[in-house]
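Q: quick one: sequence plus predicted model below, questions after.
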Amino acid sequence: MKNRVSAIAIAVVMIVTLLTACGKTTDPSVETDAFLKEVNATYEELFPVLNSEDYDDYWLEKVASMVGEENAEAYTEALKSACAGTIYGAEAVAAFSDLESAQFDCYFINGVDEITVSDNNISGTLNGETVFSHTYSYQEGNAMSGIMDVRVYKADDENAGKFTYFLFCPDTPGTTYHIEFRYGSDLDALLELMDGDYAFWIAAGIPINSEPDDVKACIDLFVEENIESD
């Protein structure tokens, strides 16, 4: 990506890269709990942490190292905003018919602010109060829109409603310092990235109370995946 590219174009390229950067799913023959054990943690939303003013200088320093100081502010703003969308589903499809204006909503939905993975149990809370808690069984390896590979888990509780399915990308705290996932009631819709009820939404989480060095490492990874140096 060259310095002359506009901030809008950066955001579009970033979105496309985001959809392809997760890698491949774990072999479906692996025991169900193996992946979930790798992501055992309590998570808060990733981007409010990365975009905290505490790391503003670090963002600019990292981006400047790749595109130059004169372009760092524009690139940084574009990278931060591209995953800070506040709409998804039909509203986002209508709003983002022109992909140059698109943003992904990477926050948690369905009324939770923390999500905990504890082996096969996944639970969520809002202000410390439990919203859901179910055990989940591995179903299959699949891919969202044929682009982003995921492991699909389904709640053993038939009445899990908006938390019936969890789809996890291969990211783990041990490899990328964060996780990316989707959850909801309709598997077919969850497998569509930019269409249907969950269009332009994919949750991103980071373990609560992550060390600053881990946050910085996550910023490094995000910037390096989404900007090509000259």
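A: Cool, got the structure.

Q: so what's I122 up against?
A: Contacts for I122 (Cβ atoms under 8 Å, 6 or more residues apart in numbering) come out as I115, T116, S133, H134, Y136, Y153, F163, F166. The way it works is simple: take the backbone N, C-alpha and C, and place the C-beta from them, glycine included.

Q: filter these to the buried ones?
A: Neighbour-count burial (16 or more other Cβ atoms under 10 Å) is assigned, among these, to I115, T116, S133, H134, Y136, Y153, F163, F166.

Q: format the residues you listed as JSON lines; extra columns: distance to D213.
A: Output for the buried ones among the contacts of I122, formatted as JSON lines (distance: Cβ to Cβ, whole Å):
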{"residue": "I115", "distance to D213": "23"}
{"residue": "T116", "distance to D213": "23"}
{"residue": "S133", "distance to D213": "32"}
{"residue": "H134", "distance to D213": "34"}
{"residue": "Y136", "distance to D213": "31"}
{"residue": "Y153", "distance to D213": "30"}
{"residue": "F163", "distance to D213": "32"}
{"residue": "F166", "distance to D213": "28"}
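
Q: which among the residues you listed gets closest to G205?
A: Using Cβ to Cβ, I115 comes nearest to G205 of those, at 6.3 Å.

Q: okay, now the unreliable bits of the chain?
A: 1-32, 229-230 (pLDDT under 70).

Q: where do the strands sit along it?
A: In the chain, the strands defined using DSSP state E lie at 41-45, 114-118, 121-126, 129-144, 148-155, 165-168, 179-184, 203-207.

Q: make JSON lines from those and add distance to D54 to it.
A: Converted to JSON lines, those look like this (distance: least, Cβ to Cβ, whole Å):
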{"stretch": "strand 41-45", "distance to D54": "14"}
{"stretch": "strand 114-118", "distance to D54": "20"}
{"stretch": "strand 121-126", "distance to D54": "24"}
{"stretch": "strand 129-144", "distance to D54": "28"}
{"stretch": "strand 148-155", "distance to D54": "30"}
{"stretch": "strand 165-168", "distance to D54": "28"}
{"stretch": "strand 179-184", "distance to D54": "21"}
{"stretch": "strand 203-207", "distance to D54": "14"}
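
Q: of those strands, which is nearest Q103?
A: Closest to Q103 of the strands of the chain, according to Cβ to Cβ: strand 203-207, at 13.2 Å.

Q: and that closest one, how far out from the chain's middle?
A: Remark: strand 203-207 is offset 7 Å from the chain centroid, using Cα atoms, centre = their mean, to the nearest Å.

Q: partner strands of it, with direction?
A: strand 41-45 (antiparallel), strand 179-184 (antiparallel) (DSSP bridges).

Q: buried residues, it. List them.
A: Quick answer for strand 203-207 (16+ other Cβ under 10 Å): A203, A204, G205, I206, P207.

Q: can you pull up the bridge partners for the last one?
A: According to DSSP bridges, the residues that bridge with P207 are Y43.

Q: so what's it up against?
A: Contacts of P207 by Cβ under 8 Å, 6+ apart are A41, T42, Y43, P173, D214.
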